[in-house]
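Participant: Everything below, folded, please.
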Amino acid sequence: MTTTTLAVLVPLLPFLGAAAGLLLGRRAPGFVRPLAVLPTFAAFVLAVVVAVDQGGGKAIDAATRLTPTGSVPIELALHLDGFAVLVAVLVGLVATCVQLYSTGYLRDDPRYTSYAALVSLFTSAMLLVVYSGDLMVLLVGWEIMGICSYFLVGHYWETPEARAASLKAFLVTKLGDVPFLIGLFALATDAGTFRITGVVQAALTGGIGHPTLVALLLLAGVAGKSAQFPLHTWLPDAMAGPTPVSALIHAATMVAAGIYFVARLLPVFAASAAALTVLAVMAAITMVGSGLAALAQDDIKRVLAYSTIGQLGYLSGALAVGDRGAAVFHLLSHGAFKALLFLAAGVVIHAAGTNSLTAMSRMGGLAKRIPDAYWTMTVALLALAAIPPFAGFFSKEAVLSAAEHTALGESQVAPSGAGWTVLIAGLLTALLTAAYATRLWLLAFRGRGAEAPDHGRQPFVMNAVLWVLAIPSIGFGLTAGHLGDWFDGRALTPAVTTAVLSTGVALVGGLVTYAAWRHTSALAARTPMGAVAAHPEGDGSLVEEEAIASHTEVYGSIASAPDPADPGRLLLGPLHRHAATGFHLDAVYSALFVRPVLAAAGLVRFLDREVVETYVRGASAGPRWLGRAVRRAQNGNVQSYLSALLAGSLVLAAAVVVLANVTSGS
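Facilitator: I've put the predicted structure just below:
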């Protein structure tokens, strides 16, 4: 088979698997799991073959014209360059791991059939986005992912949190998709084509009439899909869905789509210095804000959600300084260790036998009970904190190095102000990232919270997937020097200045957090409840009994009381309560948009009920009353009819006589 034929099969196989799973799910339940795993795994293998065939060389293009449009043509086109083939490998790997993991995690779920089919469809849509060479075909995959995320986030639809989260994710992303669609049409109108190669060529030759406006419209969709400020608020709430879905969304689909789109069309954004500056500021706010919010969260999945938002900020920052090689490199590295983080968190949740025990302050005794999750999550957190030689160090350093070159005026693409913005925010975020990664590890595995009931050893497939993902989390960064051909010839080796700075601030963040944890642990141990947590048997003192009674009233039992040794509260101080709520951004949106819309809807409902319906009722009253009068005359009594006829004749006769007299008198 040719490379293009294999590339067509890559998104097609998961789609066929999804369709077959839905059709055969009820008739042949035994085929559900094979149809979920095997097509996705086959797509992953073919994606690897396509990547090897492409080899980081010249892009492979193929296209066939779809139905005539009468204006700008739409083509079913493939564009296989180094970025596309590597991202497709990541998508296939993570999707296969998620499908395998889900066979154990959701083995007793009654809706597993529809879940597995939606995951396959989700994977197919992302692969379509990755390989597509036409913007309209890309848009199809873009929107299918939005629908899939709605259903998957709302998988546990019995809970109000899942229903609200799925609706919020759908509406917020659609809010960004409206200007995104307008931008696509404006872009195609200027370029005269939807083909990505044609659009890029038009941007390079100055063929885009209003590059700033078009770029800002497109950035609105990117901000929604990739959870960037100010449209990032849906992503933390999306943790109400199953944990494997979170891994898929955060690592290889949905949120990666917006970043990948900007990387593919970077010349369009680079045509406007203002657009790159906006992107840099958006990335800086996203990075720092999400880092502070992650440091204040107690839910382990929300910490990881804000972590994803911050890492996506790094990707946006790399694109803002015009280096798509660094952006895609960190996209690949982040996809591996973030999938590992979520799936390891899923093992923690699964060990507790519930999907709701995710509060780190109430965890305890997990390191020995789930050693696979403990060690692999430690590896992933080190990669997240960018500690060498783990993958995150090399990829994050590539972003900071690119920002440094731009800040020093060595870039011909982006303004130096964008470089300084990304560099300073990136270093501050490196400090915060190491801090909340250390805090997560300490609270989850070294905390003093209640030990969850032991539900036995986790399914083998779940633990096996963790070790598979640990391999690229450890070693992918070491291949940086050999991947230049796939990244526009960009050298991805670390630079001394940024490497020392980023590693230094990461170590400072981790050590300060550890010191704060030791300090808060010592203080907590000296309090009555701290002593009870450390020595549950107690000493029977009156103070201790009062403390136990108080905490039992609040939490129900000592076992459910949160761990008082939280370094996040000490580090953030008065900022903690604001960071814990995401700096009240949801409340701001509610005040500025939700309440006015609800008030307007209430006014419209009042006008419809009290004005329009009153008019309609009044307009119908006259005919209704006339009908009643006529209905009474039609009573079926012949004598009444004859009487009415005689009376009418007499009235007519009298009228004729009166009229005759009047006429003769005149």
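
Participant: right, and residue 38 touches residue 16 too?
Facilitator: No - the criterion here is CB atoms under 8 Å, and residue 38 misses it with residue 16 at 10.8 Å. Backbone N, C-alpha and C define where each C-beta goes, glycine included.

Participant: for this protein, where's the lowest mean pLDDT among helices and strands?
Facilitator: helix 542-555 (a mean of 43; mean pLDDT, DSSP states H and E).

Participant: which residues of the stretch 301-450 of the chain fall in helices?
Facilitator: All helices of the stretch 301-450 of the chain, identified by DSSP state H, counting those that start in this stretch, fall at 324-351, 371-384, 391-407, 416-446.

Participant: swap in the stretch 551-666 of the chain?
Facilitator: Secondary structure of the stretch 551-666 of the chain by DSSP H, counting those that start in this stretch: the helices cover 567-572, 576-580, 585-589, 595-607, 613-633, 638-665.

Participant: Quick one: closest of these to residue 25.
Facilitator: Minimum separation from residue 25 across the helices of the stretch 551-666 of the chain (CB to CB) falls at helix 585-589, 37.0 Å.

Participant: of all the helices of the stretch 301-450 of the chain, which lies closest to residue 503?
Facilitator: Of all the helices of the stretch 301-450 of the chain, helix 391-407 sits nearest to residue 503, with 7.1 Å by CB to CB.

Participant: what helices or strands is the closest one leaning on?
Facilitator: On a contact count with 3 or more CB pairs under 8 Å, 6 or more residues apart in numbering; DSSP states H and E, helix 391-407 meets helix 300-320, helix 324-351, helix 371-384, helix 416-446, helix 460-475, helix 496-526.

Participant: Adding distance to residue 492, write the helices of the stretch 301-450 of the chain out as CSV.
Facilitator: Below are those laid out as CSV (distance: least, CB to CB, whole Å):
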stretch, distance to residue 492
helix 324-351, 6
helix 371-384, 16
helix 391-407, 5
helix 416-446, 16
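
Participant: among those helices, which is nearest residue 111?
Facilitator: helix 324-351 (17.2 Å).

Participant: related to what we said a few turns ago, single out the most deeply packed of the helices of the stretch 551-666 of the chain.
Facilitator: Scoring those by mean neighbour count under mean count of other CB atoms under 10 Å gives helix 567-572 as the most buried, with a mean of 21.

Participant: What is that one packed up against?
Facilitator: Taking 3+ CB pairs under 8 Å, 6+ apart as contact, the helices and strands that helix 567-572 lies on are helix 273-296, helix 416-446, helix 496-526, helix 576-580.

Participant: Next, the buried residues of the first one.
Facilitator: By neighbour count, with 16 or more other CB atoms under 10 Å as the criterion, the buried positions of helix 273-296 are 273, 275-296.

Participant: what about dumping the CA coordinates of that helix to PDB?
Facilitator: Only the C-alpha atoms of helix 273-296 are listed here, as PDB (Å, rounded to 0.1, in the frame of the first residue of the first chain):
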ATOM      1  CA  ALA A 273       2.600  41.100  15.100                       C
ATOM      2  CA  ALA A 274      -0.500  42.200  17.100                       C
ATOM      3  CA  ALA A 275      -2.000  38.700  16.900                       C
ATOM      4  CA  LEU A 276       1.300  37.200  18.200                       C
ATOM      5  CA  THR A 277       1.400  39.700  21.000                       C
ATOM      6  CA  VAL A 278      -2.200  38.900  22.000                       C
ATOM      7  CA  LEU A 279      -1.300  35.200  21.900                       C
ATOM      8  CA  ALA A 280       1.700  35.800  24.100                       C
ATOM      9  CA  VAL A 281      -0.300  37.700  26.700                       C
ATOM     10  CA  MET A 282      -3.000  35.100  26.600                       C
ATOM     11  CA  ALA A 283      -0.400  32.400  27.100                       C
ATOM     12  CA  ALA A 284       1.200  34.300  30.000                       C
ATOM     13  CA  ILE A 285      -2.000  34.800  31.900                       C
ATOM     14  CA  THR A 286      -3.000  31.200  31.300                       C
ATOM     15  CA  MET A 287       0.300  29.800  32.600                       C
ATOM     16  CA  VAL A 288       0.600  31.900  35.800                       C
ATOM     17  CA  GLY A 289      -3.100  31.800  36.700                       C
ATOM     18  CA  SER A 290      -3.500  28.100  36.200                       C
ATOM     19  CA  GLY A 291      -0.300  27.400  38.200                       C
ATOM     20  CA  LEU A 292      -1.700  29.400  41.200                       C
ATOM     21  CA  ALA A 293      -5.100  27.700  40.900                       C
ATOM     22  CA  ALA A 294      -3.500  24.200  40.800                       C
ATOM     23  CA  LEU A 295      -1.600  25.000  44.000                       C
ATOM     24  CA  ALA A 296      -4.900  25.600  45.800                       C
END
